[in-house]
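Colleague: Dropping a prediction and its sequence here:
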Amino acid sequence: MPAFDINRRTVLQAASGLACCSLGTHWAAYAEKGAASSVRWDATLADIHHRTFKFFWDTTPAQTGLTPDRWPTTSFCSIAAVGFALTAYCIGVKSGYVGRRNAAERVAATLRTFWHGPQGDGKTGVIGYKGFFYHFLNFSDATRYARCELSNVDTTMFLLGALTAAAYFDGAAPVEAEIRRLAQALFERVDWTFFERENGLLNMGWTPESGYNQTDWTGYDEGMMIYLLALASPTHPLQPKSWTAWCATYDQTWGPNFGKPHLGFGPLFGHQYPQVWYDLRGIADAYMRSRHSDYFTNSRLATIAQRNYAIRNPRHFADYGANIWGLTACDGPADVKLKLKGRELRFHTYVARGPSQSDPDMIDDGTIAPTAAISSIVFAPGICMAAAKAMLARYGADIYGRHGFFDSFNPTFRAGYPSKSGHQTKRAGWVSNDYIGIDQGPILAMLENYRSEFVWKLLRQDSYAGAVVKRGLLQAGFEPVARQGDWLKQGHDDP
């Protein structure tokens with residue numbers, strides 16, 4: 001892959017200003033249709049769960065913990081994928097896939113890599129700066145890859161994984177005590193004010209070559225978790241005004257789009273990533289209380305809207321329908337414009353995808369990502385379970401392998417045009433060659449949250465990590481609005 005100045009997010013930023021829907025119904029009207037649904041855990045979900053865990057266990061070097069961005073294509077370490085891996089190891093022990101001692105040793109090795117990696121403002125030879133980490137790292141020495149950016153969102157996902165591990169490995173063994181110590185130290189080292197702008201918003205990235213990114217975190221998206229974690233810092237926190245400033249940009253993304261009105265972000269990863277770790281059921285901040293809703297319900301409606309879009313299929317892509325759907329940031333076949341069946345269509349490689357009809361900034365080129373539907377299973381179990389089973393039944397081994405679902409597929413792209421990122425199959429058309437860590441991670445974690453609420457429970461409990469989560473939410477003005485949010489009033493919130 002060539003050197004680059006910013007990051008994967010340069011292909012995602014257009015999505016942040018898109019309206020996706022709006023709502024006016026209180027959380028309680030939808031609560032029982034979410035994670036508490038009666039859709040049964042069965043052999044299909046169990047197989048997806050186990051195979052997806054194996055992606056992290058099999059592809060991550062135990063000595064360093066540097067999880068690959070993608071596999072099997074040669075790549076580099078993604079620090080966000082490391083955060084998902086740290087979460088996955090806890091799930092693996094709980095599920096009986098690996099032993100507690102083995103997993104603890106791997107977690108500790110990972111945290112040592114990040115704690116001891118050199119920090120500084122140099123262009124090379126460093127893992128990060130101001131406690132943050134570069135988006136991608138070299139496997140050889142855990143230092144900055146090419147010209148990628150210092151990333152607050154990817155650092156946040158790494159830290160949430162570390163805090164999850166700290167909450168899970170709560171035993172007296174020296175290695176478990178080390179995990180807790182390192183996770184706390186890594187979190188408290190971060191200077192969140194480094195990215196803070198005068199208006200209270202957070203900038204999206206920084207490089208030693210160019211300084212700050214031209215874009216701030218605005219509008220509703222996965223940026224939520226950065227603000228929440230930064231608000232909880234006992235050393236270099238943001239102030240509550242930053243959350244207020246961020247929420248003040250929400251209205252640009254509120255509007256109708258293929259479903260009931262809700263706060264919008266087209267690609268589903270923006271709804272899923274924060275709620276891998278934060279249990280947002282039955283709690284709401286001032287903005288959502290003003291809308292008589294909460295973020296969990298909002299994500300349910302965004303999920304349903306995507307299915308509605310696939311059923312309507314305004315751009316007439318192959319196979320879209322009630323059970324074949326799912327748009328998010330993912331691999332794609334090629335950056336090319338082709339004429340297929342009398343229509344001129346533009347295709348893309350890796351890009352953020354979402355429902356698109358009249359909005360020129362939202363991309364849909366017929367590429368479906370299994371992670372989009374499956375990782376929303378906590379929000380809308382019935383339709384997400386049906387999608388997983390339908391994709392397996394229709395495409396089978398074309399899209400499903402040793403480590404679960406390949407990243408994406410495109411039944412429309414059946415041309416003879418060459419694709420470096422994938423290959424042609426008989427049933428699914430173009431299929432990605434790879435599994436991608438930040439798409440595998442939500443599949444495993446959300447399946448586990450659906451099955452047992454495991455990750456949510458870990459970060460609600462009375463521990464250092466639980467206090468961090470609770471403090472961030474309280475600083476942002478969250479309050480219980482239904483019984484499932486009562487945990488927010490209990491225990492302590494002082495990290």
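Modeller: Yep, that arrived. Since the structure is predicted, the reported quantities are computational estimates derived from the model, not experimental observations.
Colleague: For the rest of this, base every contact and every neighbour count on C-alpha atoms.
Modeller: OK.
Colleague: How many neighbouring residues does R483 have?
Modeller: Neighbourhood size, R483 [other C-alpha atoms under 10 Å]: 11.
Colleague: My guess is it contacts R281. True?
Modeller: No - judged on C-alpha atoms under 8 Å, R483 makes no contact with R281 at a distance of 9.1 Å.
Colleague: just the strands in the stretch 251-400 of the chain please.
Modeller: 254-255, 262-263, 283-284, 329-330, 336-340, 343-347, 351-352, 400-401 (DSSP state E, counting those that start in this stretch).
Colleague: Against which helices or strands is the first one packed?
Modeller: Looking back up the chat, that one is strand 254-255. If you count contacts as 3 or more C-alpha pairs under 8 Å, 6 or more residues apart in numbering; DSSP states H and E, strand 254-255 packs onto strand 262-263.
Colleague: cool, and the fifth one?
Modeller: In this structure, strand 336-340 packs against strand 343-347, with contacts taken as 3+ C-alpha pairs under 8 Å, 6+ apart.
Colleague: list the buried ones in the strand it packs on?
Modeller: Within strand 343-347, the residues that qualify as buried are 345, 347, counting by 16 or more other C-alpha atoms under 10 Å.
Colleague: For that strand, the averaged confidence score.
Modeller: Averaging pLDDT along strand 343-347 yields 94.
Colleague: circling back to that earlier point, tell me which of the strands of the stretch 251-400 of the chain approaches V378 most closely.
Modeller: Smallest distance to V378 across the strands of the stretch 251-400 of the chain (C-alpha to C-alpha): 15.9 Å, for strand 283-284.
Colleague: List of residues touching the closest one?
Modeller: Applying C-alpha atoms under 8 Å, 6 or more residues apart in numbering, the external contacts of strand 283-284 come out as 293-295, 477-482, 484-485.
Colleague: Just send these back as TSV, with distance to T215 and pLDDT too.
Modeller: Formatted as TSV, those follow (distance: C-alpha to C-alpha, whole Å; pLDDT from 0 to 100):
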residue	distance to T215	pLDDT
S293	28	95
D294	26	98
Y295	24	98
G477	25	98
F478	27	98
E479	30	98
P480	33	98
V481	33	98
A482	36	97
Q484	36	95
G485	33	97
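Colleague: Tell me which two of those sit farthest apart.
Modeller: Most distant of these, by C-alpha to C-alpha, are G477 and Q484, 16.9 Å apart.
Colleague: Count the neighbours of the closest residue in space to F269 that isn't next to it in sequence for me.
Modeller: Once flanking residues are discounted, F269 sits nearest to T328: 5.9 Å by C-alpha to C-alpha, 6 or more residues apart in numbering. By the criterion of other C-alpha under 10 Å, T328 has 28 neighbours.
Colleague: In contact with T328, which residues?
Modeller: 266-269, 352-354, 369, 372.
Colleague: quick one: which of the contacts of strand 283-284 has the most company?
Modeller: Of the contacts of strand 283-284, with other C-alpha under 10 Å as the count, D294 tops at 28 neighbours.
Colleague: And it, how far from R460?
Modeller: According to C-alpha to C-alpha, to the nearest Å, D294 and R460 sit 18 Å apart.
Colleague: Next: L473.
Modeller: 11 Å.
Colleague: V190 too?
Modeller: V190 sits 22 Å away from R460, going by C-alpha to C-alpha.
Colleague: Same check on R315?
Modeller: Distance of R315 to R460, given as C-alpha to C-alpha: 43 Å.
Colleague: Which residue of these two possesses the greater neighbour count?
Modeller: When R315 and R460 are compared for neighbours, R460 comes out ahead with 23 against 15, by other C-alpha under 10 Å.
Colleague: wait, doesn't the more buried one sit right on R471?
Modeller: No - the criterion here is C-alpha under 8 Å, and R460 misses it with R471 at 10.9 Å.
Colleague: Got phi/psi on the residue with the largest distance to the centre of the chain?
Modeller: Within the chain, G342 marks the point farthest from the mean C-alpha position, 37.0 Å out by C-alpha atoms, centre = their mean. Reported as degrees, to the nearest 10, the phi and psi values for G342 are phi 80, psi 0.
Colleague: show me where the stretch 51-200 of the chain has strands.
Modeller: Applying DSSP E, counting those that start in this stretch to the stretch 51-200 of the chain gives strands spanning 70-71, 77-78, 128-129, 132-134, 136-137, 150-151.
Colleague: Mind checking those strands for the one nearest to V431?
Modeller: strand 70-71 (14.0 Å).
Colleague: how far does that closest one sit from the chain's center?
Modeller: 16 Å (C-alpha atoms, centre = their mean, to the nearest Å).
Colleague: so what strands line up beside that strand?
Modeller: Paired strands of strand 70-71, with direction, are strand 435-436 (antiparallel) (DSSP bridges).
Colleague: List the contacts of T73.
Modeller: Applying C-alpha under 8 Å, 6+ apart, we find T73 in contact with 433-434.
Colleague: That one and H423, how far apart?
Modeller: T73 is 13 Å from H423, by C-alpha to C-alpha.
Colleague: okay, and the common contacts of the two?
Modeller: Joint contacts of T73 and H423 (C-alpha under 8 Å, 6+ apart) are N433.
Colleague: that older thread, which one among the contacts of T328 sits at the bottom for pLDDT?
Modeller: Scoring these by pLDDT puts G266 last, at 93.
Colleague: so where's the protein shaky on pLDDT?
Modeller: Residues of the chain meeting the criterion pLDDT under 70: 1-38, 357-360.
Colleague: Would you point out which residue is most central in it?
Modeller: Note: the chain centre (C-alpha atoms, centre = their mean) maps to Y273, 3.0 Å.
Colleague: wait, what's in contact with the residue lying closest to that residue once chain neighbours are set aside?
Modeller: With sequence-adjacent residues excluded and distances taken as C-alpha to C-alpha, 6+ apart, Y273 is closest to E222, at 6.2 Å. E222 makes contact with 153, 269-274 under the criterion C-alpha under 8 Å, 6+ apart.
Colleague: what about E222, distance to Y295?
Modeller: Taken as C-alpha to C-alpha, the span from E222 to Y295 is 12 Å.
Colleague: how far away is A372 from M204?
Modeller: 23 Å.
Colleague: Same question for L447.
Modeller: Between L447 and M204 the computed distance is 29 Å (C-alpha to C-alpha).
Colleague: and these two? which has more neighbours close in?
Modeller: Legend: neighbour count by other C-alpha under 10 Å for L447 and M204, higher for L447 (25 against 22).
Colleague: which residues does the more buried one contact?
Modeller: Contacts of L447 (C-alpha under 8 Å, 6+ apart): 45, 49, 374-375, 377-378.
Colleague: Run a quick neighbour tally on G223.
Modeller: 23.
Colleague: Apart from its chain neighbours, what residue comes closest to N433?
Modeller: Spatial nearest neighbour of N433, excluding adjacent residues (C-alpha to C-alpha, 6+ apart): G422 at 4.6 Å.
Colleague: So which of the contacts of L447 belong to helices?
Modeller: 45, 49, 374 (DSSP state H).
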